[in-house]
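**Student:** based on what follows, work out the 3D shape:
(chains A, B, C and D)
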There are 2 protein chains.
Amino acid sequence: MAEGSKRQARKIPEATVARLPIYLRSLLEAAGDGLPTISSERLAELSGFNAAKVRKDLSYLGSYGTRGVGYDVEYLQYQMSRELGLTKDWHVVIAGLGNLGHALANYGGFGDRGFPVAALVDADPRVVGTDINGITVRHIDELDAIAAESQIDIGIIATPASAAQEVADRMIAAGVSSILNFAPTIVSVPAEVSLRKVDLAVELQILSFYQQRRGGAGSTSSLPPETAAAPPAG
Amino acid sequence: MAEGSKRQARKIPEATVARLPIYLRSLLEAAGDGLPTISSERLAELSGFNAAKVRKDLSYLGSYGTRGVGYDVEYLQYQMSRELGLTKDWHVVIAGLGNLGHALANYGGFGDRGFPVAALVDADPRVVGTDINGITVRHIDELDAIAAESQIDIGIIATPASAAQEVADRMIAAGVSSILNFAPTIVSVPAEVSLRKVDLAVELQILSFYQQRRGGAGSTSSLPPETAAAPPAG
DNA sequence: CGCCGCTTGTTCACGTGGTCACAAGCGCCC
DNA sequence: GGGCGCTTGTGACCACGTGAACAAGCGGCG
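**Tutor:** Coordinates of the predicted model:
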């Protein structure tokens, strides 16, 4: 069968992709204020970037703006959601129900934003069988069965570092092709799997570096840090 | 008073700074295995980068390697810790004791790595006064007093988005010059304050983008994402 | 004591991303 | 219906980061 439509798959830079969710959040804010259209300048304020970058980023999605007027908030919101793949729900499995995993499982913001938690898994028999936020924790050995019951799109690793690689391997074996890793260790995945990582200790250490450079308690300034993001690793 | 020593403050690229904590973690691993020295190639394996990048990054710290041999693990570890400002403890205050803040407060990994939690603050009177991991939650209005009692170096914002900016402002007023923001909103800080942000929803949406591009359930591959990090915003 | 292999540190070329500036184009007003 | 102001979209330039290739240099062996 041929490709669905004449979708030419314009290549969107990684740096731009990382900003799209921020734009989308800003658009939601603007829509909440009842604004029908928004200019690149205003969107830049809301998202924390500059207007030129906003315009260039949006141009990768297509020419959805109107010169002299701005962007139609609702329409741009729709197009951006579509581009980000947010028109469908992505089912998430959380592995590791320690402090962090527990907090993630209880956090309701995922389901609201189109990422419902479909399953929770752990290896500790004392945790397996308990209920968290209405979901029963199952053993990680059941991962294949869980994936067979319902589609699992994204795996979140909230285990200790020592277990992270094996958990990732099992997720991939079960058909998961996007992984978000919170464990403070390197996880290797094949090229067709996306991997992103969040490491709290690393973030603190980066802050520590810049704070020390400023002279410990803040005197001469050196370089201010602002977080960027890259695309997931294949 | 003149500068302490002939510290010439070589400029380390932001991208390199973001990798230093990863190298340091890899060095700890190597030291745990009892290795006296390590080559750039092996360090590249452990840290997930390539050898050329490792060598270039390390060269910014100085010529701490020995040709034909490699890098002395312990010495490099020390130099890197010093550069990252990890020779002293950085005291952390966590604002917002919801799911995430609670998990962060209970997570012991911070203190171990040189970032002891010095205080917890919240605005909710039902939370103020409770004990978490041996620390009593205080009201956010006491932030100035808390900072006066003991040095506070880094502020972690784990509040709802609506409160984030005000919390940040109060932290800065209390003398905090490094902030890690978990709230899904833009926070503005003056140039002399470092800001980094972690947004779980954004991470998931980036994964969603690449997964959709691959064809939903994974067929043709497009681009794999690997997380990068930038320096904190001033 | 000289040679040889190994690994670093650096240089160079390339690609990506960011910034600026400006022409194109749309809507409104007169 | 024509002109004018406003905002987009894009093209060119520049800085940064990456990747490879190579010379410099150290240690060990004969």
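**Student:** for the lengthiest helix in chain A, which positions count as buried?
**Tutor:** Criterion DSSP state H: the longest helix present in chain A is helix A:14-32. Neighbour-count burial for helix A:14-32, counted by 16 or more other C-beta atoms under 10 Å in any protein chain shown, picks out A:14, A:16-27, A:29-30. For the C-beta atoms, the positions are set from N, CA and C on the backbone; glycine is no exception.
**Student:** show me the domain layout of chain A.
**Tutor:** Using automatic domain parsing, the domain ranges for chain A come out as A:14-82, A:92-200.
**Student:** quick one: is the longest one near chain B?
**Tutor:** Yes - between domain A:92-200 and chain B, judged by C-beta under 8 Å from any C-beta of the partner chain, the touching residues are A:92, A:99-100, A:102-104, A:106-107, A:109-110, A:113-115, A:151, A:153-154, A:175, A:177-180, A:184-186, A:188, A:191-200.
**Student:** could you give the number of residues near A:Ala44?
**Tutor:** A:Ala44 is flanked by 19 other residues according to other C-beta atoms under 10 Å in any protein chain shown.
**Student:** can you verify my assumption that A:Gln212 contacts B:Gly114?
**Tutor:** No - between A:Gln212 and B:Gly114 there is no contact under C-beta atoms under 8 Å: 11.9 Å.
**Student:** pull the residues that contact the lowest-mean-pLDDT helix or strand in chain A.
**Tutor:** Using mean pLDDT, DSSP states H and E, the weakest-scoring helix or strand in chain A turns out to be helix A:109-112, at a mean of 78. Contacting residues not belonging to helix A:109-112 are listed as A:Val92, A:Leu104, A:Pro116, A:Val117, B:Pro184, B:Leu200, B:Ala201, B:Leu204 [C-beta atoms under 8 Å, 6 or more residues apart in numbering or on different chains].
**Student:** again, 10 Å this time
**Tutor:** Outside helix A:109-112, the residues that touch it by C-beta atoms under 10 Å, 6 or more residues apart in numbering or on different chains are A:89-90, A:92, A:94, A:104, A:115-117, A:133, A:154, A:156, B:99-100, B:160-161, B:184, B:200-201, B:204.
**Student:** now list the buried members of the residues you listed.
**Tutor:** Applying 16+ other C-beta under 10 Å to those flags A:90, A:92, A:94, A:104, A:115, A:117, A:154, A:156, B:99-100, B:161, B:184, B:200-201, B:204 as buried.
**Student:** just to revisit the earlier point, and DNA strand C, which of the domains of chain A is closest to it?
**Tutor:** Nearest to DNA strand C among those is domain A:14-82; the distance by C-beta to the nearest atom of the strand comes to 2.9 Å.
**Student:** ranking the domains of chain A by mean neighbour count, which comes first?
**Tutor:** domain A:92-200 (a mean of 19; mean count of other C-beta atoms under 10 Å in any protein chain shown).
**Student:** if we can go back for a sec, just the residues of domain A:92-200 next to chain B: which are in strands?
**Tutor:** Judged by DSSP state E, those include A:Val92, A:Ile154, A:Ser178, A:Ile179, A:Leu180, A:Ser194, A:Leu195, A:Arg196, A:Lys197 as members of strands.
**Student:** one step back: using CSV, write out every CA atom in the least confident helix or strand of chain A.
**Tutor:** The C-alpha trace of helix A:109-112 is given here as CSV (Å, rounded to 0.1, in the frame of the first residue of the first chain):
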residue,chain,number,x,y,z
GLY,A,109,-1.2,15.3,34.7
PHE,A,110,-0.3,12.5,32.4
GLY,A,111,-3.7,11.2,31.6
ASP,A,112,-5.0,14.7,31.1
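**Student:** which helix or strand lies directly C-terminal to it?
**Tutor:** Sequence order places strand A:117-122 as the next helix or strand after helix A:109-112, per DSSP states H and E.
**Student:** what packs against that following strand?
**Tutor:** Contacts defined by 3 or more C-beta pairs under 10 Å, 6 or more residues apart in numbering or on different chains; DSSP states H and E place strand A:117-122 against strand A:92-95, helix A:99-106, strand A:131-132, strand A:135-139, helix A:143-149, strand A:154-157, helix A:161-173.
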